[in-house]
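[1] pasting the sequence and the predicted model now:
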Amino acid sequence: MRGSRHRIRLLFKTLEKIVGEIIREIPSFVSITCNITSKPPPTFDAI
């Protein structure tokens, strides 16, 4: 379980960085929603 928790934190940090970059680059975006699923296709929605 310990390794799994570390991977989740790493995934969250990576997504947090990507979302931050998108919001900085596209000022009209104020929020990004990430839908992560094992069923394709995962989606990113910008608000």
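    Looks like it came in fine. Predicted model only: the values in this text are computed from it and were never measured.

[2] for the chain, what are the low-confidence residue spans?
    Applying pLDDT under 70 to the chain flags residues 1-7, 37, 42, 44, 47.

[3] can you rerun that using 80?
    1-10, 34-47 (pLDDT under 80).

[4] which residue is nearest the centroid of it?
    residue 15 (3.3 Å; CA atoms, centre = their mean).

[5] wait, that residue sits on residue 22?
    No - contact criterion CB atoms under 8 Å: residue 15 and residue 22 do not qualify, at 10.5 Å. Bear in mind the C-beta positions are built from the backbone N, C-alpha and C, glycine included.

[6] ranges for the helices of this structure?
    Ranges of helices in the chain, per DSSP state H, are 2-25.

[7] any idea how far residue 26 is from residue 46?
    Distance, residue 26 to residue 46, using CB to CB, to the nearest Å: 8 Å.

[8] what's the closest non-adjacent residue to the residue nearest to the centre of the chain?
    Excluding the flanking residues, the one nearest residue 15 by CB to CB, 6 or more residues apart in numbering is residue 34, at 5.7 Å.

[9] next one: residue 45
    In this structure, residue 45 finds its nearest non-sequential neighbour in residue 33, 4.5 Å apart by CB to CB, 6+ apart.

[10] what is the burial count for the one you found?
    Other residues near residue 33 number 10, with proximity taken as other CB atoms under 10 Å.

[11] the chain should start at 39 in everything you say after this.
    In the new numbering, first residue 39, that becomes residue 71.

[12] would you agree it is in contact with residue 53?
    No - look at residue 71 against residue 53 with CB under 8 Å: they stay out of range, at 10.8 Å.

[13] now do the buried residues in stretch 63-81.
    Going by neighbour count (16 or more other CB atoms under 10 Å), the buried part of stretch 63-81 is residue 70.

[14] and that stretch, how far out from the chain's middle?
    7 Å (CA atoms, centre = their mean, to the nearest Å).

[15] got it, and stretch 46-59?
    Its chain's C-alpha centre lies 6 Å from the corresponding centre of stretch 46-59 when counted by CA atoms, centre = their mean.
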